[in-house]
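A.B. asks: Here is my input, please return the structure:
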Amino acid sequence: MKLFLLFLLVFLSVESFSATCTPITRTNAGANSVLTSSKYNTDLNTAYTAINAADGGCIADGSVELGALNTTDFYTLFNGVKQGCEVTRSNSNTLSVGRCLLTVNGGLVNTAAATTQTWGCSGCSSELASTNYYLYAATTSASSTLNLLILTGAPNANGLDGSGNKVLAKFHNNSSSDILEAVQNWTEWGFPKIDNSGGSAAWVESCLITNGGTAAIDAGSGLCGNWLTSVNRSGAGVIDVVFKNEFFALEAECVCTVAQSGSFLCSISSPTATGLTVVTTTSSTGATSDKSVILTCVGKRY
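C.D. replies: As a prediction, this is how the structure comes out:
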């Protein structure tokens, strides 16, 4: 009994941080054999040496319920860490994840450089226009390798999907199958909320577009160039307007007025997140006619 207590005290008083476990063995004494002091000392010294060098690697899984700790006490550490991992749009078909530190599926990922992902990746959803997508860190990610998935399925409230993949961002593929620049990164509580109800938080832009046979952004309109990429007269009385790449987070609400005197009306057709078509018409016959217009749009920005 005293020998057992001695073993226990030695074991509890020693801390070791070695990385591996080296098991010990002994040869059983035969029946009715004499237990010599030499064999006794050898076995005892071997046990002492092993106990002094023991670390967590020598502790059986069942004795400390390591598996249970992994799925309960340590679950947040093994699946919840996300430090950095900023997702941005590289081009109309590619997303980029900056240097990333996170845990997923019980593994630690720490990348040294940006990781990019485009359509056609293994396990990804197929590309569709006018569709919301989610960028995930796949469960196969480990060490310095970040494997990415583009999926249509939304994550659960904890940021994981049903397979344990960890969501990094949400983005939209527009009607031209181009990734919008306004990528929403996942935070501790979800994706940023966008209020598109109007009011003081709305972003308002206005621009004079001249059209005397050739459409142009009026140089005196000042800030037009901050939100418009181009204008083009595509037909009599028709001006195609293209916004800067996702200046507005969501589809903007726009109105137009004819800038010249006379009984002309202005209407807007085919509004999208990237552009719209402005049409000027006469009020009497409906025939189109080239006229300058003032375009005003209201929308939300990230």
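A.B. asks: could you say what helices and strands the helix or strand hosting L101 packs with?
C.D. replies: Counting by DSSP states H and E, the element that carries L101 is strand 100-104. Applying 3 or more CB pairs under 8 Å, 6 or more residues apart in numbering; DSSP states H and E, we find strand 100-104 packed against helix 75-80, strand 82-84, strand 107-110, strand 131-137. The way it works is simple: take the backbone N, C-alpha and C, and place the C-beta from them, glycine included.
A.B. asks: so what strands line up beside that strand?
C.D. replies: As defined by DSSP bridges, the strand partners of strand 100-104 come to strand 82-84 (antiparallel), strand 107-110 (antiparallel).
A.B. asks: so which of those comes closest to V34?
C.D. replies: Nearest to V34 among the strands paired with strand 100-104 is strand 107-110; the distance by CB to CB comes to 54.0 Å.
A.B. asks: Give me the buried positions along the closest one.
C.D. replies: Neighbour-count burial for strand 107-110 flags 109-110 (criterion: 16 or more other CB atoms under 10 Å).
A.B. asks: starting at the chain centroid, how far to it?
C.D. replies: For strand 107-110, the separation from the chain centroid amounts to 16 Å (computed by CA atoms, centre = their mean, to the nearest Å).
A.B. asks: Give me the contact list for the helix or strand following that strand.
C.D. replies: As assigned by DSSP H and E, the chain's next helix or strand after strand 107-110 is strand 115-118. Strand 115-118 is contacted from outside by 90, 93-97, 100, 135, 146, 148, 150, using CB atoms under 8 Å, 6 or more residues apart in numbering.
A.B. asks: Pretty sure K300 sits against F248.
C.D. replies: Yes - counting by CB atoms under 8 Å, K300 does reach F248; the two are 6.6 Å apart.
A.B. asks: thought S230 was touching I239?
C.D. replies: No - the pair S230 / I239 is not scored as a contact, 10.4 Å apart, by CB under 8 Å.
A.B. asks: Run through the helices of the protein in chain order.
C.D. replies: For the chain, the helices defined by DSSP state H occupy 2-12, 37-53, 61-64, 66-71, 75-80, 224-227.
A.B. asks: what mean pLDDT does stretch 95-112 have?
C.D. replies: For stretch 95-112, mean pLDDT is 91.
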